[in-house]
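# What follows is a predicted protein model with its sequence.
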Amino acid sequence: MNNQAKVIVASFIYFATVMEKNEIVDDIPKGLKKLFRKVAWISEKYSKHLELVTNEINEILKDVDKDIDLMLISVSLISEYYEQMKGKKRLFTPMSYAEIVDIQDECIELNNKNANSTFDVCEILVKGLLNENK
């Protein structure tokens, strides 16, 4: 499986967790729903790898002890992916970077606790999935 695809699938996994836990879907920003549809479409191609990516996420984050915002991490994984891929060829561009940042801001406004630790975890996770820390 392509390492860049792992980041997209990870975003999908976190968003699916948000959807599962959030009974009131109206609380989810409209932009995040739009991003989710695009990420879900990409992730569908890799559906047989969901368990593999979940296991890899767990392995990368096993020693990370930080509280994260699940909604924020689902979009921040994409923005961190864009950051990590600066100057390199990105295989996936579900939305523009500006749109991603706007969605991040909406998520922070909804729940502004744990934003910094969420961004820290995103950086660790994206580097790990892209195999830059190995």
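Sure, I can see it. Since we're looking at a predicted model, the values are computed, not measured. Numbering: from 1, shown residues only.
# what about residue 103, distance to residue 58?
Plainly put, residue 103 is 25 Å away from residue 58 if you go by CB to CB, to the nearest Å. Any C-beta I mention is one placed from the backbone N, CA and C, and that applies to glycine too.
# swap in residue 35?
Here residue 35 is placed at a distance of 23 Å from residue 58 (CB to CB).
# Comparing the two, which shows the higher neighbour count?
Shown here are residue 35 and residue 58; by other CB atoms under 10 Å, residue 35 has more neighbours (21 against 9).
# how near is the more buried one to residue 104?
Separation of residue 35 from residue 104 (CB to CB): 10 Å.
# list residues touching both of those two?
Common neighbours of residue 35 and residue 104, counting by CB atoms under 8 Å, 6 or more residues apart in numbering, are residue 75.
# Longest helix in this structure, by number of residues?
In the chain, taking DSSP state H as the definition, the longest helix is helix 3-21.
# The next helix or strand after that helix: which residues count as buried?
Counting by DSSP states H and E, the next helix or strand C-terminal to helix 3-21 is helix 30-44. Using 16 or more other CB atoms under 10 Å as the test for burial, helix 30-44 gives 31-32, 35-36, 38-40, 42-43.
# try stretch 81-99
Applying 16+ other CB under 10 Å to stretch 81-99 flags 81-82, 84-85, 92, 94-95, 99 as buried.
# pLDDT averaged over it - what is it?
Taken as a whole, stretch 81-99 carries a mean pLDDT of 95.
# Kindly check the end-to-end length of it for me.
Stretch 81-99 has an end-to-end distance of 14 Å (CA to CA, to the nearest Å).
# Poorly predicted segments of this structure, please.
Within the chain, the stretches with pLDDT under 70 are 22-26, 132-134.
# list the contacts for residue 118?
Counting by CB under 8 Å, 6+ apart, residue 118 makes contact with 66, 68-69, 72-73, 76.
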